[in-house]
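Trainee: Turn this into a structure:
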Amino acid sequence: QVQLGESGGGLVQAGGSLRLSCAASGRTFSTYMMGWFRQAPGKEREFVAKTRLGGGSTYYADSVKGRFTVSADNAKKTVYLQMNSLKPEDTAVYYCAADRHGWGSSPSEYDYWGQGTQVTVSS
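Mentor: So this is what the prediction gives:
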């Protein structure tokens with residue numbers, strides 16, 4: 001079993017930055033795909049970014065490309081999401097998730113989830 005815990009959320013003004021962290025515990029593998037998702041009130045959960053726990057290629061939703069950076073530290077079992085140039089439309093609960101087998105971007109493909117951390121961007 002894998003447990004995930006996000007931290008680093010908060011309130012920030014538009015144009016500001018936040019860095020989210022996701023710490024994994026339990027048995028993990030460097031091949032796990034680690035995804036960041038977000039869910040705004042009244043909206044479906046959407047993909048934000050992903051990379052493998054062991055590092056390597058990264059992939060981003062078009063809405064965050066060029067502003068967000070995902071990275072991983074396998075030794076620390078931690079994944080990060082650096083968010084710059086934040087916009088009010090980035091306001092959401094941000095979730096970290098782990099996919100044991102795939103390269104998916106759909107929430108249904110992920111096996112483990114954290115509890116989420118709130119990010120609020122004021123205009």
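Trainee: make it CA atoms for all contacts and neighbour counts henceforth
Mentor: Noted.
Trainee: which stretches of this protein form strands?
Mentor: Assigned by DSSP state E, the strands in the chain fall at 2-7, 10-13, 18-26, 33-39, 46-52, 58-60, 68-73, 78-83, 92-99, 112-113, 117-122.
Trainee: Indicate which one of the ones you listed is closest to Ser106.
Mentor: strand 46-52 (6.8 Å; Cα to Cα).
Trainee: Tell me which residues are up against that closest one.
Mentor: 30-39, 57-61, 64, 69-72, 105-107 (Cα atoms under 8 Å, 6 or more residues apart in numbering).
Trainee: now stretch 70-80
Mentor: Identification of contacts with stretch 70-80 by Cα under 8 Å, 6+ apart yields 19-25, 28, 30, 34, 49-55, 58, 69, 81-82.
Trainee: Tell me the span between the first and last residue of that stretch.
Mentor: Start-to-end span of stretch 70-80 (Cα to Cα, to the nearest Å) is 6 Å.
Trainee: cool, and stretch 81-91?
Mentor: Terminal-residue distance, stretch 81-91 (Cα to Cα): 14 Å.
Trainee: Buried by neighbour count, from the contacts of strand 46-52: which ones?
Mentor: 30-39, 59-60, 64, 69-72, 105, 107 (16 or more other Cα atoms under 10 Å).
Trainee: Filter the contacts of stretch 70-80 down to the buried ones.
Mentor: Buried members of the contacts of stretch 70-80, scored by 16+ other Cα under 10 Å, are 19-24, 28, 30, 34, 49-55, 69, 81.
Trainee: Relative to Gly116, how far out is Arg45?
Mentor: According to Cα to Cα, Arg45 and Gly116 sit 12 Å apart.
Trainee: These two - which one has more neighbours?
Mentor: Between Arg45 and Gly116, counted using other Cα atoms under 10 Å, the more crowded position is Gly116 (22 against 17).
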